[in-house]
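In: Quick one, fold the following:
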Amino acid sequence: MFTYEGLGSGLQEFILTVYGTCMPMLNLTRRKGLDIERFFPEDESRDQETPIQLRCEYLIPIRR
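Out: Numbering: from 1, shown residues only. This next block holds a predicted model:
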């Protein structure tokens with residue numbers, strides 16, 4: 001499991017870093033299956049003008 005905390009706009013870059021840097025460094029191989037994203041927004045307001053702060057747990061199926 002990989003965890004991201006920060007602005008919602010940075011999540012895509014985080015996912016690319018996980019796949020492009022972290023998984024190869026850890027010698028992890030993705031297997032067939034779906035990625036799971038669990039979101040925990042810090043603020044429940046729907047105000048579109050303020051940047052969204054969130055925590056996301058990103059789970060990737062890997063081969064053992």
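
In: how about low-confidence regions in the chain?
Out: 43-49 (pLDDT under 70).

In: cutoff 90 now
Out: 8, 40-53, 64 (pLDDT under 90).

In: Strands of that one, start to end?
Out: 2-7, 36-41, 53-59 (DSSP state E).

In: For the ones you listed, give me TSV that also has distance to Leu28 and mean neighbour count.
Out: All C-beta atoms are positioned from the backbone trio N, CA, C, and that covers glycine. Formatted as TSV, the strands of the chain follow (distance: least, CB to CB, whole Å; neighbours: other CB atoms under 10 Å):
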stretch	distance to Leu28	mean neighbour count
strand 2-7	10	14
strand 36-41	16	12
strand 53-59	12	15
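
In: Just list whatever residues bridge to the nearest residue to Ile15 once chain neighbours are set aside.
Out: The shortest distance from Ile15 to any non-neighbouring residue, by CB to CB, 6 or more residues apart in numbering, is to Tyr58 (6.6 Å). Tyr58 forms beta bridges with Phe2, Glu37, as assigned by DSSP bridges.

In: And Tyr58, how far from Phe39?
Out: 10 Å (CB to CB, to the nearest Å).

In: export the strands of the chain to CSV and tack on distance to Thr29?
Out: Below are those laid out as CSV (distance: least, CB to CB, whole Å):
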stretch, distance to Thr29
strand 2-7, 15
strand 36-41, 18
strand 53-59, 15
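
In: Out of those strands, which is closest to Pro24?
Out: Pro24 sits nearest to strand 2-7 of all the strands of the chain, at 13.6 Å, using CB to CB.

In: So which elements touch the closest one?
Out: helix 11-17, strand 53-59 (3 or more CB pairs under 8 Å, 6 or more residues apart in numbering; DSSP states H and E).

In: Quick check: which helices or strands does the last one pack against?
Out: I take that to be strand 53-59. strand 2-7, helix 11-17, strand 36-41.

In: List the buried residues in the longest one.
Out: Going by neighbour count (16 or more other CB atoms under 10 Å), the buried part of helix 11-17 is Leu11, Phe14, Ile15.
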